[in-house]
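> got a structure for you, letters missing:
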């Protein structure tokens, strides 16, 4: 098995019941947050999963899962939930090796999910017209160790359009996706798909009408409700606490 | 861009408003279902998306999306929905390049989703103890053009365990997942995850208790409800028709 | 106990596993649908629940439940579900003895639910501007044995307003409830409430804005999703079949 | 219109945007909570809805709605939601004038909903084996002004059964409803129904099996999900905050 740690990789220090702590695989001791110093040098060249001592406890040095990465995003604006990120990827036809675009970058959470799904052979172009969001997203993507899969561009795609072509997928997570649909369609390769994510019915409705007007095929609209289940001593039931709403998803495919 | 058709690739002939029709990219004319003959020879060496004439109409020859592939599965047993397949992949930590295992093979729909997500650099080992299901799943995976990413094994994993190791992910879609959890845990690399899919709360409850008993970390249980939305002339509302239930998902991670 | 059958009462002939069959309590034999003749004369003056022979089987002659009555409605337009009828009554503040109004009459299903809830001491005024709906609703209400609790009026309440006053409750089940809200407010006694039922979010949005503009207090908007549960030999789970959407409910109270 | 305030009636002082404040209609000034003194003497003999001055503001003296009454319950144990109370009443066949029984009394919230629905001509017998709950429920029912419609009984119905007969409805809101179903069946008049309310799947499953075993007809199981909708300046969407679960409902009817 040839998956081994290389210098510069991002790893997650993990022990049971605790959230992951992110480190970069470098020689020598490094400071981790405010919580002291760790040395993962010995893992370089070894496969993920090795034991590392830190603060008197034994941790595993793991390749971060997408769940780890999403949990690590420093939240500015509200970030996409995992269920929606996963399904947006499906609806947009995201696959390993694919070239995809995203607008806007937001906090970078969806960017991370897309970069994770396209793998090392794929690429994500992420647009935002607001420099401060681009910066935050870029930092979050770097922290996730996925910077080499993502190109950030400061650009108002509603007015200027996308400047990449022959894409497999476009994902739109911005307030007025309908303004970008014509441009997204031109940027897609034949058979490619666009998926959108918006909080209100009003936005969804306008998006779906614009998808139809722009000639997209296989137009769909839906929402995904995640219901956590509690398994306790007294039995099993849906959890009392639940997120009542995240966003509506819409999608269409370029077939012409 | 170097994504070009090679002999033996599976392609989807697609025109607006019609379901995709699957062909293999081969020289010379080929019969497609009962609906006549098509010749895609000219596309060999060219990028996907080219126009192909068939039955007097113009089609695009596309790389199939996961949605295309799932729609093409010949259904024996009830097949996993896309939302659940996507989220099972997320919960199990499936990523491009990953080595994952699945039991049982069922109709091969979930196998296809996993093989799609791990990409050409990953691999899926799919177990079933029933030869007839293995055959059906294998045929469906072949039809999807993903046979080289999947190894099928006839094996009763509840009794004999998994015979692969250092996996990133194990996905269990069988009636008694709790019987496989100890074995799944041994098969996982540190940091790897198992995800299960079962229709009843009784199965979910027993699975969650077994996940805890087997020492899995980050144990979760949930269901995902997909609500299609209708955007019509009279306005927008949830669809009247909706699938009331698919299955419950549970997951846990090996951290020790 | 003084609840006894009187001539003219509507009763439901019921046996296990069969839907109820409606009869009127009259002396002598009567024809029931196309299914033969029954004689319930002997029950007059006796309490509900007595055994009646019909078509060689033993039935109970019961006071119809609201579920029986709703199931008996001859459906023209789509009828309100029981969950929504019950909650509309709650939101509108319907109570035994209350004077309530409803527009439009529709098929009479909601009329029946309201007439049932206000009891013998209450009264429902039901408006519709379409004579054919009024006729159908009236027939359904008569068949339910509730005609003496309901006054039907042919009237376009959007243009002419309601012509009753000091109501406890107004329930609006028509396409443009916002056109009736000012009038409904005038028709309500202080503390009385209006509740509306509309299929699309567009109608809901406009209704809620109109409720606020008309000065209603305690304005609410919601939907009620009924999830049937299957308890079978193999365990318990939500039913696969489920109604994905019925309607959105909104409500407000007159407090000034 | 003859609905006028009589001495001893419970009224709700209400102004826009504020929760109702409960008073008893008595001659002379009375203390209300810790918030000063009000005098509603002048309303005696007048219809509800009159203006009353209190703390320098104008209030309406209203007959409390069921929503007002439920909001006033001093919560010990978790109380039933309005949607469930309304639908339990429907499933159990509660109607104005009906004689119904309930076990356990809990906080009295469901008792209040049932007493409200049966009206002045109906009656509720409410059982609990725990004196402290009976006391709390009784106080809440008194505060709601519905004490004359309710008889409280300290009794372990699981062991001793119900001691009323010929009931229209029995509602069970206790942890082990299956232990009471045989007894509930005997207490029901022919055509009467029992409805149960339990938080877990396990309890629901056992209840449904017991309903069938006890020979009930029209056995149903379901849950009701209330999704509040937000109508704001930015558009309309489901609320982010939502109660993920309340309880499962089951019901059956005595037909024999």
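Yep, that arrived. Please read all numbers here as calculations on a predicted model, not as lab measurements.

> From now on I want contacts and neighbour counts done on CA atoms only, so please keep to that.
Noted.

> tell me, what residue is most central in chain A?
Most central in chain A under Cα atoms, centre = their mean is residue A:113, positioned 2.2 Å from the mean C-alpha point.

> hang on, it in a helix?
Yes. Counting by DSSP: H, G, I helix; E, B strand; the rest coil, residue A:113 is found in a helix.

> Which residue ranges make up the domains of chain A?
A:10-62, A:68-224+A:241-253 (automatic domain parsing).

> And chain B, is the shortest one touching that?
Spelled out, it's domain A:10-62. Yes. Using Cα under 8 Å from any Cα of the partner chain, we find that domain A:10-62 touches chain B at A:14, A:15, A:16, A:17, A:48, A:49, A:60, A:62.

> shouldn't residue A:92 be in contact with residue A:197?
No. Using Cα atoms under 8 Å, residue A:92 is not in contact with residue A:197; the gap is 11.3 Å.

> Spit out the contact partners of the closest residue to chain C within the stretch 151-256 of chain A.
Nearest residue of the stretch 151-256 of chain A to chain C (Cα to the nearest Cα) works out as residue A:201 at 7.1 Å. Contacts of residue A:201 were listed using Cα atoms under 8 Å, 6 or more residues apart in numbering or on different chains, and they are A:248, B:236, C:201, D:235, D:236, D:237.

> now with 10 Å?
A:207, A:247-248, B:229, B:231, B:236-237, C:200-202, C:205, D:235-238 (Cα atoms under 10 Å, 6 or more residues apart in numbering or on different chains).

> again with residue A:154
Contacts of residue A:154 by Cα under 10 Å, 6+ apart are A:104, A:105, A:126, A:127, A:128, A:129, A:130, A:131, A:132, A:133, A:134, A:135.

> Please narrow those to those residing in strands.
Using DSSP state E, the members of those that fall in strands are A:126, A:127, A:128.

> And the second one, what's its pLDDT?
Confidence at residue A:127, expressed as pLDDT, is 98.

> same deal with the one 3 residues further on?
In the prediction, the pLDDT value recorded for residue A:130 is 96.

> Which strand residues bridge the residue nearest to it when sequence neighbours are not counted?
Counting by Cα to Cα, 6 or more residues apart in numbering or on different chains, residue A:154 is the residue found nearest to residue A:130 once chain neighbours are left out, at 6.9 Å. For residue A:154, the beta-bridge partners are residue A:128 (DSSP bridges).

> For residue A:89, which three-state class applies?
Taking three-state DSSP, the label given to residue A:89 is helix.

> can you list the weak-confidence ranges in the stretch 1-150 of chain A?
For the stretch 1-150 of chain A, applying pLDDT under 70 flags the ranges A:1, A:75-78.

> For it, which segments count as helices?
Secondary structure of the stretch 1-150 of chain A (DSSP state H, counting those that start in this stretch): helices located at A:66-72, A:82-91, A:109-118, A:131-143.

> Buried by neighbour count: which residues of the shortest one qualify?
Neighbour counts over helix A:66-72 (16 or more other Cα atoms under 10 Å in any protein chain shown) mark A:66, A:68, A:69, A:70, A:72 as buried.

> Backbone dihedrals for the nearest residue to the second one once chain neighbours are set aside, please?
Just to be clear, that refers to residue A:68. Distances taken as Cα to Cα, 6+ apart put residue A:20 closest to residue A:68, at 6.7 Å, once the chain neighbours are dropped. Torsion angles at residue A:20 (phi, psi; degrees, to the nearest 10) stand at phi -70, psi 150.

> how many neighbours does residue A:20 have?
The local packing of residue A:20 (other Cα atoms under 10 Å in any protein chain shown) involves 22 other residues.

> Up against chain C, what does the stretch 101-250 of chain A have?
Contact residues, the stretch 101-250 of chain A versus chain C (Cα under 10 Å from any Cα of the partner chain): A:201, A:202, A:205.

> Including secondary structure and pLDDT, could those go into JSON lines?
Shown next, in JSON lines, are these (DSSP: H, G, I helix; E, B strand; the rest coil; pLDDT from 0 to 100):
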{"residue": "A:201", "secondary structure": "helix", "pLDDT": "98"}
{"residue": "A:202", "secondary structure": "helix", "pLDDT": "98"}
{"residue": "A:205", "secondary structure": "helix", "pLDDT": "98"}
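
> Just name the closest of those to residue D:217, please.
Compare each of those with residue D:217 using Cα to Cα and the shortest gap goes to residue A:201, at 41.5 Å.

> shouldn't the residue nearest to the centre of chain A be in contact with residue A:79?
No. Counting by Cα atoms under 10 Å, residue A:113 sits too far from residue A:79 to count as a contact (11.3 Å).

> overlap in contacts of these two?
With Cα under 10 Å, 6+ apart as the test, residue A:113 and residue A:79 both reach A:70, A:85.

> Now find how far off-centre stretch A:107-127 is within its chain.
A distance of 6 Å separates the centroid of the chain from that of stretch A:107-127, by Cα atoms, centre = their mean, to the nearest Å.

> Could you tell me the end-to-end distance of that stretch?
End-to-end distance for stretch A:107-127: 12 Å, by Cα to Cα, to the nearest Å.

> That one: which residues count as buried?
In stretch A:107-127, counting by 16+ other Cα under 10 Å, buried: A:107-120, A:122-127.

> For chain D, tell me which of those residues show up nearby.
Answer for the buried residues of stretch A:107-127 near chain D: none qualify (Cα under 10 Å from any Cα).

> separation between the closest residue to residue A:86 other than its chain neighbours and residue B:101?
Among residues not flanking residue A:86 along the chain, residue B:86 sits closest, at 5.9 Å (Cα to Cα, 6+ apart). Noted for residue B:86: a distance of 15 Å to residue B:101, by Cα to Cα.

> Show me which of the two is the more surrounded one.
Higher neighbour count among residue B:86 and residue B:101: residue B:101, with 31 against 24, using other Cα under 10 Å.

> For the more buried one, give me its contacts.
B:111, B:114, B:123-127, B:150-152, B:162-165, B:167-172, B:184, B:187-188, B:194.

> Mind doing that once more with 6 Å?
Neighbour list for residue B:101: B:124, B:125, B:126, B:170 [criterion: Cα atoms under 6 Å, 6 or more residues apart in numbering or on different chains].

> for chain D, what are the nearby residues on the stretch 51-200 of chain A?
Residues of the stretch 51-200 of chain A lying close to chain D (Cα under 6 Å from any Cα of the partner chain) are residue A:200.

> at 8 Å what do you get?
A:199, A:200.

> May I have the phi/psi pair for the one residue in the stretch 51-200 of chain A that gets nearest to chain D?
Nearest residue of the stretch 51-200 of chain A to chain D, counting by Cα to the nearest Cα: residue A:200, 4.7 Å away. The phi/psi pair for residue A:200 (degrees, to the nearest 10) reads phi -110, psi 160.
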